[in-house]
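Q: Sequence first, predicted coordinates after that:
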Amino acid sequence: MSDHDIDPTSPRMAPKPEVTKIDGRELKPSTLMMGYGYDPVLSEGSLKPPIFLTSTFAFPSAADGKRHFEGITGKRPGGADGLVYSRFNAPNQEILEDRLSVWDGAEDALSFSSGMTAICVLMLAYASQNDVIVHSGPLYAASEGFVAKVLAKFGVTYVDFPAGATREEIDAVLAKAKAQADEQGGKVCMIYLESPGNPTNALVDVEAVRASVDAAQLDCPIAIDNTFLGPLWQRPLDQGADIVVYSLTKYVGGHSDLVAGSIAGAKKWMDPVRMLRNTMGGICDPNTAWMLMRSLETVELRMNRAGENAAKVCDFLAQHPKVEGLGYLGMIKDARQQDIYDRHCKGAGSTFSLLLKGGEAECFRFLDALKIAKLAVSLGGTETLASHPASMTHLSVAEGRRAELGISDNLVRISIGIEDPDDLIADFTQALEAV
């Protein structure tokens, strides 16, 4: 919703212009998170937005109600001019979406009840019968499963390529996808990327993908799951992606106490997804949206601290005799991956893969011996988490496919939190003694 379309009776935003510059200086996202999209005057002076627990909103007039529904149903472009019904929009969700847009430099954003809801609704909005999705690998297991198993029921097929593929390799994959789509009577409907890939941290060359898509003259969005590095350490829209996807459960939420997701990008890419979300539901609830607004105020502080901790922990782990290798972006050994990192990333993140000497048994001994780090899936929280992807998050992936993607039995995924780094090193030291 653009500023000039804002309903002046809505508490979501002030009728006055937003302050985004001071003396010509662009304010940073960390500053804007303290008040962007909200005017206390419209909520009895409350410094923070209240939680709006309502299912529906009263219209000033019948004509306003008609106008709003013309926008909601697509009879008039631009969406609703004001608040209508909480399956469509609501104050907390709209403020959250405005602030998410700021971080990625996006025109528009949409919030969802989970990261997978965001991904599924996004794909359903663009995929039709007999279409082809091109995606990088590895993907989060549920994302890959949705494409390979659920969308397959409706005649949607896929072609994939490894994360580090070169421009020439991507060109060949797109040519194959176009031929496959022509044969099926469909089209290439989406390029879906995950970078870094889960759980290996393999990077995708977004700029090369953009160039390949343009050269192939494909009229489809490039979407990318930016959960591992966003919104602080990577801005894929700057490299040519059209849509950025998040599990807000992770770094943005950051406290392991909520589940949510989002997408952001140009309005032309968001509108079809918004229309489907209006029908299917799946919008983030107001309480979760409020908690995410709280978390966005400290996301830079938390991510920076976790990143500094991860660098110290990995310096220790890299020297340990029981460690076979690290999938940490601060210690890349492959020239192609380093080149992508240098062009795309602003930091190495705090989630990485630890390869132990041995297999599943050694990983289980290590995980069971941890005292500070918690044995749990997910990532990006204030606490350090460790898990075994091959037997947990990626168990549903066929064994041969896991091997192809580098998800081995001796791989442990670690997400470093904001604890004292020396305490974390002490914990990993004693846990490695059990291996």
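A: Structure received.
Q: Dihedrals phi and psi, Gly327?
A: Backbone torsions of Gly327, given as degrees, to the nearest 10, read phi -100, psi 70.
Q: for Arg67, same thing?
A: phi -60, psi -40.
Q: Surely it touches Gly79?
A: No. Contact between Arg67 and Gly79 fails when scored by Cβ atoms under 8 Å: they sit 11.1 Å apart. Every residue, glycine included, has its C-beta placed from N, CA and C.
Q: Comparing those two, which shows the higher neighbour count?
A: Counted by other Cβ atoms under 10 Å, Arg67 and Gly79 do not tie: Gly79 has more neighbours, with 23 against 16.
Q: residue contacts, that one?
A: Listed by Cβ atoms under 8 Å, 6 or more residues apart in numbering, the contact set of Gly79 reads Met1, Gly71, Ile72, Asp271, Arg274.
Q: Which residue, other than its chain neighbours, is closest to the third one?
A: Spatially, and ignoring its direct neighbours in sequence, Ile72 is nearest to Ala80 (5.1 Å; Cβ to Cβ, 6 or more residues apart in numbering).
Q: which SS state does that neighbour fall under?
A: Here Ala80 takes the coil state, with states given by DSSP: H, G, I helix; E, B strand; the rest coil.
Q: What separation is there between it and Cys345?
A: According to Cβ to Cβ, to the nearest Å, Ala80 stands 37 Å off from Cys345.
Q: Between these two, which is the more surrounded one?
A: Ranked by neighbour count (other Cβ under 10 Å), Ala80 and Cys345 place Ala80 first, with 23 against 17.
Q: Look up how far Leu248 lies from Ala380.
A: Careful, residue 380 is Gly and not Ala. 10 Å.
Q: for Gly400, that is, sorry about that
A: Separation of Gly400 from Leu248 (Cβ to Cβ) stands at 33 Å.
Q: Next: Thr200.
A: 23 Å.
Q: Have a look at these two and say which one is more surrounded.
A: Shown here are Thr200 and Leu248; by other Cβ under 10 Å, Leu248 has more neighbours (29 against 20).
Q: What is the burial count for the closest residue in space to the more buried one that isn't next to it in sequence?
A: Counting by Cβ to Cβ, 6+ apart, Leu248 lies nearest to Ala260, which is 4.1 Å off, once chain neighbours are set aside. If you count neighbours by other Cβ under 10 Å, Ala260 ends up with 27.
Q: wait, doesn't Ala260 sit right on Met116?
A: No. With contact defined as Cβ under 8 Å, Ala260 does not reach Met116; the gap is 10.8 Å.
Q: Mutual contacts of these two, please.
A: Contact criterion Cβ under 8 Å, 6+ apart; residues shared by Ala260 and Met116: Ser247.
Q: Can you pull the phi/psi pair for Ala163?
A: phi -50, psi -40.
Q: Can you say which helix or strand has the closest residue to it other than its chain neighbours in it?
A: Nearest residue to Ala163, sequence neighbours excluded (Cβ to Cβ, 6+ apart): Ala202, at 3.5 Å. Here Ala202, judged by DSSP states H and E, is contained in no helix and no strand.
Q: how much space between Ala202 and Lys66?
A: According to Cβ to Cβ, Ala202 stands 51 Å off from Lys66.
Q: Check Ala142 too.
A: 40 Å.
Q: picking that back up, ok, now which ones touch the residue nearest to Leu248?
A: Contact analysis of Ala260 by Cβ under 8 Å, 6+ apart lists 111-115, 247-249, 253, 284, 288-289, 292.
Q: at 7 Å what do you get?
A: With contacts defined as Cβ atoms under 7 Å, 6 or more residues apart in numbering, the neighbours of Ala260 are Ser111, Phe112, Ser113, Ser114, Leu248, Thr249, Gly253, Cys284, Thr288, Leu292.
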